[in-house]
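In: With the input below, show me the fold.
(one chain, ligands or ions: 1)
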Amino acid sequence: MPPVPAGLDPRVLEQEAADLAAAGGLTFTVGDQTLTYTSDGTTVRCEAGTDTGATAVRLSPQAWDDLVGQMRTLVGLLLSDELHMERGGFEQLADWEPILRYLHAGIPPYDPSRADFEGRDPAAAFPVDTGDAALAAQLRTMGFLHVTGVFAADEMEAANREVDHLASLARPGDDRSWWVTDEDGSPALCRLVYATMRSPLLAVLEGDPRVRRLGTLLDPALATAPDRMEGTAVLIKVPGRTSGLSNIPWHQDCGTGGHAMFCPAVSVGIQLTGSSAETGNLQVVPGSHGQALKYGWQDRTDVPVVSIDTAPGDVTVHIQDVMHASPRPTGAGQRRTMYVTHYPSSLWEHIGPGEALNDLVRNRQEQVAGLQGSSARLAGSD
Ligand SMILES: [Fe+2]
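Out: Have a look, this model is predicted:
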């Protein structure tokens, strides 16, 4: 059985146990071993050698190690066909994931009633001349940050011209861009990836000291990864009812896995166009970083949500496992954001040049789309 981390809060365990009391237990079969998690309504227990769960799943020792080690999630294992349901369905299994992450790694289930904003305003925007300590405090508390006036208008105009150029060269299937199908049934570009690998101008922007300052507010050791994890990406919001991965529902960027290798990575979003609901903006749940998505949380009425409206030249900063979403534009769309993500050194131990966790998601769009309606535990840069 996996060791239980020290310092778990019995009140959190009790709340989760109450929610799972009617679930009837969960059995894992790993090789020739079985273990079953059960809730008695007040706490959750794990017993080896029993196969009594109402939900039962078989997986390989490697998959189990990845699950316990926070390298892959249940959705990630599902997408790679490594979960074999023996009783019950994936939805029943997914109900257990938050408590499993708490028991395996001390990552608590997200609960808005436990959020503490320390008197800060989650929707506050900070001028670029704000001191590092104040910016870092906001980012640490909320999991995201909005800084205004970081880049000048002419800098954003030059970047947009370069994005126009890269977009004109992009083709579906070129492995350097993401596409959706728009309302007319035509392919539409929604993301350029590895953008700074083929654009000196965008590479300069990626390495700009203003970007580095904001990307390393919490940890000066974080570094950019232009040649892996899809590098620096430019998001382009396509208007209308699209199919494909453009309007990404609530998720954490480690939603399919990788938490142990790249969290808490920090994404710096350079707002090339500015953003609003009409053009498609970033939404976040303040204070949700470092916690586990709990199925159905978005149906609660007490969850705070901030929609970040920005001007061209503003920057958003988010810790990648803060819950965030990129809903469908209500109007003309076309928000452009250039995401420069700063990673901990552990990323380089696991991900080589040209490799990315999103490859898995991108190659399984149909299955991912089916999951979006129910659990929405997906990866993405926005
Ligand atoms: Fe994301």
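
In: Low-confidence stretches in the stretch 201-350 of the chain?
Out: For the stretch 201-350 of the chain, residues meeting the criterion pLDDT under 70 lie at 295-296.

In: Now the closest residue to the ion within it: closest residue in space, sequence neighbours ignored.
Out: As assessed by Cβ to the ion, the ion sits closest to Asp253 within the stretch 201-350 of the chain, at 4.4 Å. Where C-beta positions appear, they are placed from N, C-alpha and C, glycine not excepted. Leaving out its chain neighbours, the residue that sits closest to Asp253 by Cβ to Cβ, 6 or more residues apart in numbering is Gln320, at 3.7 Å.

In: Tally up the residues packed near that neighbour, please.
Out: 26 (other Cβ atoms under 10 Å).

In: So it is in contact with Ala265, correct?
Out: Yes. Proximity of Gln320 to Ala265 meets the contact threshold set by Cβ atoms under 8 Å, at 4.5 Å.

In: joint contacts of the two?
Out: 253, 341 (Cβ atoms under 8 Å, 6 or more residues apart in numbering).

In: ok so, going back, correct me if wrong: the residue of the stretch 201-350 of the chain closest to the ion contacts Ala265.
Out: Yes. Taking Cβ under 8 Å as the definition, Asp253 is a contact partner of Ala265 at 7.3 Å.

In: What are the buried residues along stretch 36-54?
Out: Neighbour counts over stretch 36-54 (16 or more other Cβ atoms under 10 Å) mark 36-39, 44, 46, 53 as buried.

In: Just the terminal-to-terminal distance for it.
Out: 10 Å (Cα to Cα, to the nearest Å).

In: Please list the residues outside it that contact it.
Out: 1, 10, 13-14, 16-18, 20-21, 23-29, 33-35, 87-88, 92, 96, 99-100, 103.

In: tell me the mean pLDDT for it?
Out: For stretch 36-54, mean pLDDT is 95.

In: Next: stretch 150-160.
Out: In the prediction, stretch 150-160 has an average pLDDT of 98.

In: what does that stretch contact?
Out: Contacts of stretch 150-160 (Cβ under 8 Å, 6+ apart): 128, 201-202, 205, 210, 214, 270-273, 312-315, 336, 338.

In: With stretch 299-307 instead?
Out: Residues outside stretch 299-307 that contact it (Cβ under 8 Å, 6+ apart): 112-113, 115, 122-123, 144, 277, 281-287, 297.
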